[in-house]
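Novice: can't give you the sequence, but here's the structure:
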C-alpha cells in the first residue's frame, strides 16, 4: 500500500535493463574480483496506475520462481524505491532469464542490479542517484560486491569494503582473454558453499594467495600467458571441492593441461580464461570430451553445457520508455 509520505512513480513508464552475467573470485580474488561475460538477463518494469502485480517470466527458472511480491526483483525494487522516497502502485514485470540459477554466474546479483537500476530510472530526474549509490545498495543487498560491480560496470572489477561502504575499480582486460564456461545441470546454493569455508586459514596460504591475486591482475591486463599461475587459489576452492567433486575434477584436469581453470563464484560452473581464440577452441574440445568420457559424470547423470563467451566491457544498460 502506498504511504502518503512517499511519492509514486509516474504510471505508464517502462524501464528496461539488460545485465550481464558475472564470474566472481577468478581463483584467488575471493569476494573481491569479478568479471562480466556475454550472457544477459533482461528485465522490463512498467508502472501501472492500478494496484495489480503482473508477471511475464521466460527462460531459466521459469518453473521455480514466484510471480508475486516475494520475487527477488520486486522485493529489491520496493526497497530501492523506498530509499529514493517512493512507493509503487502496480507493476508489470517481464523477465527474460538467460543466466542459470545456482550455478555461480551471478544470477542473483543480476536481478538485484536490474531492480535497483530500474527503480532509479523510474523516479523523477531530481531524485535519481549516481552509480556509486547503485553499487552501494546492490552490494548491501547481495552481501558483497564481487558480482554486483562487474554486472553494473562491466569488464573486470576490483572491489572492496570499508566499514559499511562498498567501492569498486573497473579494469579493462587484454583483448586476448577469452572466457569459456562449463555449466553443469545441477545447482549449488551459495549458502552451502560458504558454509564449508573455515573461519581462519594459515598465514602462508594467505600470503601465497595475495601474490597470485596480484599476478592475476597483471595477467588479465598485460600478459595473458601468466593466467594459469595467476588463477591459482589457496583460500576457498579446495575447501568447497567436496560439494562439487565433478567440477573440482574438471578444474584439476584442465589446469594439469595448462589451462587457467577455476570455480566460477561459489560454483559449480567451471570457468577457464583462455589466452586467445586458439586456446579457447582447444578448451571447448577438451571439456566436451571430458564430459562425455568421465565415469563420474555418466554415473550421476551429469551433463555440461560448454560456452565460449566474450568479456562484456560495458555492464548493465538501462532504457526508459514513456
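Specialist: Okay, I see it. If you're wondering where the values come from, they're calculated on a predicted model, not measured in any experiment. Numbers count the residues shown, from 1 in each chain.
Novice: Work out which residue lies at the spatial centre of the chain.
Specialist: In the chain, the C-alpha nearest the mean C-alpha coordinate belongs to residue 106, at 2.2 Å (Cα atoms, centre = their mean).
Novice: need the contact list for the residue nearest to that one when sequence neighbours are not counted.
Specialist: Spatially, and ignoring its direct neighbours in sequence, residue 106 is nearest to residue 22 (3.5 Å; Cβ to Cβ, 6 or more residues apart in numbering). Yep, even glycine has a C-beta here, placed from its N, CA and C like the rest. Shown in contact with residue 22 (Cβ atoms under 8 Å, 6 or more residues apart in numbering): 34, 35, 36, 37, 105, 106, 109, 110, 147, 150, 151, 265.
Novice: can we see that at 7 Å?
Specialist: Applying Cβ atoms under 7 Å, 6 or more residues apart in numbering to residue 22 gives the contacts 34, 35, 36, 37, 105, 106, 109, 147, 150, 151.
Novice: just residue 121 next, same as before
Specialist: Contact analysis of residue 121 by Cβ under 7 Å, 6+ apart lists 15, 318, 320.
Novice: buried subset of those residues?
Specialist: Among the contacts of residue 121, those classed as buried by neighbour count (16 or more other Cβ atoms under 10 Å) are residue 15.
Novice: out of the contacts of residue 121, who's nearest residue 28?
Specialist: residue 318 (32.6 Å; Cβ to Cβ).
Novice: Can you add distance to residue 290 and pLDDT and give the contacts of residue 121 back as CSV?
Specialist: Formatted as CSV, the contacts of residue 121 follow (distance: Cβ to Cβ, whole Å; pLDDT from 0 to 100):
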residue, distance to residue 290, pLDDT
15, 42, 98
318, 40, 98
320, 46, 96
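Novice: Please narrow the contacts of residue 121 to those residing in helices.
Specialist: The members of the contacts of residue 121 all map outside helices under DSSP state H.
Novice: Out of the contacts of residue 121, which sit inside strands?
Specialist: Counting by DSSP state E, the part of the contacts of residue 121 found in strands is 15, 318, 320.
Novice: For residue 313, state which of the contacts of residue 22 is nearest.
Specialist: Minimum distance to residue 313 across these is 7.7 Å, recorded for residue 36 (Cβ to Cβ).
Novice: what's the next secondary structure element after the helix or strand containing that closest one?
Specialist: Using DSSP states H and E, residue 36 falls within strand 29-48. Note on strand 29-48: by DSSP H and E, the next helix or strand toward the C-terminus is strand 53-59.
Novice: Run the angle between that following strand and strand 29-48 for me.
Specialist: Computed by axes from the mean of the first three to the mean of the last three Cα atoms, to 10 degrees, the angle separating strand 53-59 from strand 29-48 equals 130 degrees.
Novice: Please point out which parts of strand 53-59 sit buried.
Specialist: Those would be 53, 55, 57, for strand 53-59 by 16+ other Cβ under 10 Å.
Novice: Past it, which element shows up next along the chain?
Specialist: helix 72-83.
Novice: what comes up buried for that next one?
Specialist: Neighbour counts over helix 72-83 (16+ other Cβ under 10 Å) mark 72, 73, 74, 76, 77, 78, 79, 80, 81, 83 as buried.
Novice: Hmm, the fourth one is touching residue 113, no?
Specialist: No. In this structure residue 76 lies outside contact range of residue 113 using Cβ atoms under 7 Å: 9.0 Å.
Novice: before we move on, which element is residue 157 in?
Specialist: Assigning secondary structure by DSSP H and E places residue 157 in strand 156-162.
Novice: where does residue 191 sit relative to residue 139, distance-wise?
Specialist: Residue 191 sits at a distance of 18 Å from residue 139 (criterion: Cβ to Cβ, to the nearest Å).
Novice: So those two - more neighbours on which side?
Specialist: Comparing residue 191 with residue 139 by other Cβ atoms under 10 Å, the one with more neighbours is residue 139, at 25 against 8.
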